[in-house]
Every structure is written in structure tokens, then in C-alpha cells.
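# Here is my input, please return the structure:
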Amino acid sequence: MLIEGFPAQVAGTNCFVVAPGPGEQCVIIDPGVGVTGELDEIIKEHRLHPVAVLLTHGHLDHTFSVLPVCQAREVPAYIHPEDRSALADPWTNLGLRPGEPIYGGTGLTFAEPDDVRELADDTRLELAGLGLVVRHAPGHTRGSVVFSLDLTGEPAIGISDVLFSGDVLFAGSIGRTDLPGGSMDEMWQSLRTVILPMADEVIVCPGHGPQTTIGRERLTNPFLRTLM
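Just a heads-up that it's a prediction; the model follows:
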């Protein structure tokens, strides 16, 4: 299994490239600001063939490069329908006026890729020889999801080897809930029903910051400890 992650140029958003191995098809998760150059290098180095872009939610620091990545390689983007509108209008989800400068840039335009496919809760994606289970986990945004990847068999609720947690769960923390579409009540519910049932051994690849495990977060993350 090949999992390459690196932080974007802005906000340190982790972008991941996931494939069964070198020379295989791959998926790209959360292509943020200024990632296209490093993405191209990883794809070339490992002789990979992208087949899809997966988005954990609609915030711009996770979706900024989705249009150029999808259009250059003619691949679809997957996003939960509750966050789909953010692809063409990232300002609303950030509490900004449409057209307002973002990340210091002016005159930025955004649009959906040609092929956008909507994610549904508790469904399995078969992409690039990978099996990923989608869990809807609102709280950070209405359409936040996490992706569970099982390296050995059929992924199911609470059973996986790797979790791409977006901005639901970080090492030692969770995603903020004070932006439009955020809800602390929904975040508590997502942590309780989606995150806590997972096995301690699950490796967590978050949207920001270092890798962790469910077991480590169960013991040390103050938000998870509150629920136990």
C-alpha cells in the first residue's frame, strides 16, 4: 500500500495520495492551496494513474486545487451533497462576502469540475483497487465525511486500518465548529457514533497536523475523553 501525504502551502492542509502500490491507479484526497506541483512529482515518481479526487468537506483549504487537478487528468470529484455548493461558492462556508479576497488573492474564480459525484453515508467506494467506506460526520461542516480504508479485507463500520479524518479529528483536537454550517452538537454526535466505535489500532491521517491513532486519541484527546 502506498500512502503519501504532504501539507499544502496555505493552512498546512494535508493532501494525500493513496494507491495499492507503485505503478497503480490512485486517489487524491483534499488537494488544497498550491499542491499541484508536488502532486505531479509524487504521481510521476511512483508512476501513478489518478482516477478520482475525494473531498472530506467543502472548505477552501481542502478544495482549492480540485478544479485544476480534476480537469488536467479528466477525473471526477467526490463530495457530500451538503458541501457541494462550496465548490463554486467557497465564500459562504467561510462566512465571507462573495468575491472577497481569500488567502490574500484577488479576482479568484471557482467552479465545479465537469464531473462531480455525491457521497452518501455508510457506502463503499471501489476506486483504484481500493475499498473505502464513507461516513457522514457533520459538525465541522454539514457535509463533512471521513474515509475508512481497510488494507486486508472488507471495510465496515468500526473496522479499518486507516482513517482519513479530514477536519473531524486531529491529533489532540477536533475541527472548529464556529464557521457557517458548523455545529458543536453535531460534532459531539459524530465523535460518539463515527469515531469512538473504531478500533484503537486504526491509523488516523487528519486534515491538519501529524498522524495519530484512535487508541492514542481515546487516551489523550480531551474531546474524546469527555465522551467516555
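# and the residue positioned nearest the centre of the chain, helix, strand or coil?
For the chain, Thr56 is the residue whose C-alpha lies nearest the centre (C-alpha atoms, centre = their mean; 3.0 Å). Assigned with DSSP: H, G, I helix; E, B strand; the rest coil, Thr56 falls in the coil class.
# Repeat that for Arg216.
Here Arg216 is recorded as helix under three-state DSSP.
# which residue ranges form the strands in the chain?
Taking DSSP state E to define them, one finds strands in the chain at 2-7, 14-19, 25-29, 49-54, 77-79, 116-118, 123-127, 130-136, 145-149, 162-166, 169-170, 173-174, 203-206, 212-213.
# Switch these over to CSV; also include distance to Leu227 and mean pLDDT.
Yep, even glycine has a C-beta here, placed from its N, CA and C like the rest. CSV is the format used below for the strands of the chain (distance: least, C-beta to C-beta, whole Å; pLDDT from 0 to 100):
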stretch, distance to Leu227, mean pLDDT
strand 2-7, 27, 96
strand 14-19, 25, 98
strand 25-29, 26, 98
strand 49-54, 27, 98
strand 77-79, 27, 98
strand 116-118, 29, 98
strand 123-127, 25, 94
strand 130-136, 17, 95
strand 145-149, 16, 96
strand 162-166, 16, 97
strand 169-170, 12, 98
strand 173-174, 11, 98
strand 203-206, 16, 97
strand 212-213, 17, 98
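# Provide a list of residues in contact with Thr123.
By C-beta atoms under 8 Å, 6 or more residues apart in numbering, Thr123 lies in contact with Val133, Val134.
# again, only this time at 7 Å
For Thr123, the contacting residues are Val134, by C-beta atoms under 7 Å, 6 or more residues apart in numbering.
# Could you measure from it over to Ala86?
Between Thr123 and Ala86 the distance is 21 Å, computed by C-beta to C-beta, to the nearest Å.
# likewise Glu126?
Distance from Glu126 to Ala86, counting by C-beta to C-beta: 26 Å.
# Could you check which of those two has the larger neighbour count?
Set Glu126 next to Ala86 and count neighbours by other C-beta atoms under 10 Å: Ala86 wins out with 26 against 8.
# What is the neighbour count of the closest residue to the more buried one other than its chain neighbours?
In space, and not counting its chain neighbours, Ala86 is closest to Gly58: 3.0 Å by C-beta to C-beta, 6 or more residues apart in numbering. Gly58: 26 surrounding residues under other C-beta under 10 Å.
# Output the contacting helices and strands for the helix or strand of the chain with the lowest mean pLDDT.
Between all helices and strands in the chain, the lowest mean by mean pLDDT, DSSP states H and E belongs to helix 90-93, at a mean of 80. For helix 90-93, there is no helix or strand it packs on, judged by 3 or more C-beta pairs under 7 Å, 6 or more residues apart in numbering; DSSP states H and E.
# Okay, buried residues for the longest helix seen in the chain please.
In the chain, ranked by residue count with DSSP state H as the criterion, the top helix is helix 36-45. For helix 36-45, the buried set under the neighbour-count rule, 16 or more other C-beta atoms under 10 Å, comprises Glu38, Leu39, Ile42, Ile43.
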